[in-house]
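> Output the structure for:
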Amino acid sequence: MRAVYFDCDGTLLTLDCSYDDLFETACDAANVDATADLQATYAEAFFEAFESFHPDPYRAGMAAAVESGDLDADPDALRDTYVDAEVAASTPANGAREALDAFDDADTALGLLTNGVTDVQRRKLKSVGLFDRFDAYLPSYEIEAHKPDPAIFEAARERLDADEYVYVGDSLEHDALPAREAGFLAVHVDTESESGIVRVDGL
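Presented below is the predicted three-dimensional model:
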């Protein structure tokens with residue numbers, strides 16, 4: 001029995017716009033000028049809240065931007081518009097469906113192991129019809145450990161019982177290297193590399 005876990009953002013899903021574009025979409029809906037300073041304030045507050053497992057890092061980021069700019073805007077509405085835009089902009093990465101199809105057999109269980117807010121990641125995967133493909137769903141918020149923390153890979157082993165574990169992700173630092181250290185067969189999805197050229201880090 002083999003368990004194959006996939007990363008979400010950058011591996012199975014891509015965005016058809018930038019994160020700055022998502023922030024601008026939220027601000028435009030509230031008639032707010034999305035300045036570079038506001039974007040930076042939002043991002044800093046979001047990631048600080050995200051790393052500490054704040055229950056709503058999107059709202060924390062928007063609240064910080066509203067306070068910093070003394071804006072006449074509702075942080076809840078800004079958050080909702082931003083998250084809706086992120087879900088709408090998420091699309092399957094090139095080859096993602098084919099990769100999942102290739103592992104569709106009785107000897108393989110599929111898992112989703114992602115750094116992300118539980119409900120948002122679920123919405124994104126459901127919006128493109130991929131969520132139901134997985135036997136296990138392990139967002140870092142549920143585990144209270146973000147990659148590359150070894151605890152999230154240990155939780156993956158506990159969730160699916162298998163003889164072999166594989167992890168597929170687009171980041172060497174957060175996916176491939178910590179997965180390999182945790183005893184997984186690590187597959188690095190390098191979208192910047194030349195087709196047909198294989199590079200193995202540390203071999």
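
> Please, where are all the strands along this structure?
When secondary structure is read from DSSP state E, the chain shows strands at 2-6, 13-15, 90-92, 108-114, 136-139, 164-169, 185-188.

> Present those as CSV; the columns should include mean neighbour count.
Quick note: C-beta positions are derived from backbone N, CA and C, even for glycine. Below are the strands of the chain laid out as CSV (neighbours: other CB atoms under 10 Å):
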stretch, mean neighbour count
strand 2-6, 23
strand 13-15, 18
strand 90-92, 18
strand 108-114, 22
strand 136-139, 19
strand 164-169, 22
strand 185-188, 19
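
> Tell me which of those sits nearest to residue 39.
Closest to residue 39 of the strands of the chain, according to CB to CB: strand 13-15, at 15.6 Å.

> these two touch, right, residue 46 and residue 57?
Yes - judged on CB atoms under 8 Å, residue 46 makes contact with residue 57 at a distance of 5.2 Å.

> So the residue nearest in space to the middle of the chain versus residue 163, what's the distance?
In the chain, the C-alpha nearest the mean C-alpha coordinate belongs to residue 9, at 3.9 Å (CA atoms, centre = their mean). In this structure, residue 9 and residue 163 are separated by 29 Å, where distance is defined by CB to CB, to the nearest Å.

> Please apply the same query to residue 133.
When distance is defined by CB to CB, residue 133 is 21 Å away from residue 163.

> Likewise for residue 154?
Computed with CB to CB, the distance linking residue 154 and residue 163 is 17 Å.

> Once you drop chain neighbours, what's closest to residue 116?
Leaving aside its sequence neighbours, residue 116 sits nearest to residue 139 (CB to CB, 6 or more residues apart in numbering; 5.1 Å).
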